[in-house]
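Engineer: Test case, fold it:
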Amino acid sequence: MTASRTTARTLAARLHGRTAAGVPRWAVWAAYATPLTVLPAGLWRILGVDLRLPLMAPPADGSPPPAWFGGEWWYVIALSAVSEALAFLAVGLVSEWGEVWPRWIPVLGGRRVPILAAVIPAGLGATANTLLWPYAMTMITLGRQINGSVNLGAVTRGWQDLVFYAAYWPLAAWGPLLGLLTVHYYRRRRAAGTAESAGSAGAEGLRGAEAGPGVA
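Structural biologist: Presented below is the predicted three-dimensional model:
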């Protein structure tokens, strides 16, 4: 049992990087869960559009793929890959590479990541996804587009509905999870910086006190 846990931790470290000091377990699990909220939708697009699996009912004109996907296979793969990569950045909020630039990055490698350089884009992403996906999925579930008009996009029936909603509703958790991690990252980094500054000031004071009698 211990060996299996050690192997799992080693694999996680290789995939996600080492967890930063002071990160609680709930934050680690939330960070690992964030990319998983995006993965099902990406797989649904690739399987249903590029590989033509029967995840959608045939369009009325009988000419797949649906017009709203455009028919460019590379676009679907690129959209899925970019979405997953952006979601994976949430792991940086609990990992060492989210606090210190990886050494393979030119110029910045090995330097500390400024707090706001991570918090601002993460906060914007969390806000955008929180505003977009819960509302969008609610409208789609009601058979509407985002603007409230009747949805004339992909048609799913029966089990296809279940697969579609199972693939896309997890996106509603992307924004809230990222927002929670962003707040925790900001507070943890600020607290660590304050403690580090206090420690440095205390050390300087101690050195000054020790040097005082000798100077006198």
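
Engineer: isn't A57 right next to D161, touching?
Structural biologist: No. A57 lies out of contact with D161 (CB atoms under 8 Å); the separation is 10.1 Å. To be clear about C-beta, it is placed using only N, CA and C from the backbone, and glycine gets the same treatment.

Engineer: Enumerate every residue touching the one residue sitting closest to the centre of the chain.
Structural biologist: For the chain, the residue nearest the mean C-alpha position is A87 (2.8 Å; CA atoms, centre = their mean). Going by CB atoms under 8 Å, 6 or more residues apart in numbering, A87 touches T34, P35, T37, V38, L39, W174.

Engineer: what about 7 Å?
Structural biologist: T34, P35, T37, V38, W174 (CB atoms under 7 Å, 6 or more residues apart in numbering).

Engineer: Please enumerate the helices of the chain.
Structural biologist: Along the chain, counting by DSSP state H, helices occupy 2-16, 25-45, 73-88, 115-141, 159-168, 174-215.

Engineer: and those helices as CSV, adding mean pLDDT?
Structural biologist: Shown next, in CSV, are the helices of the chain (pLDDT from 0 to 100):
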stretch, mean pLDDT
helix 2-16, 56
helix 25-45, 97
helix 73-88, 93
helix 115-141, 96
helix 159-168, 95
helix 174-215, 76
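
Engineer: Of those helices, which stretch is the most buried?
Structural biologist: Scoring the helices of the chain by mean neighbour count under mean count of other CB atoms under 10 Å gives helix 25-45 as the most buried, with a mean of 18.
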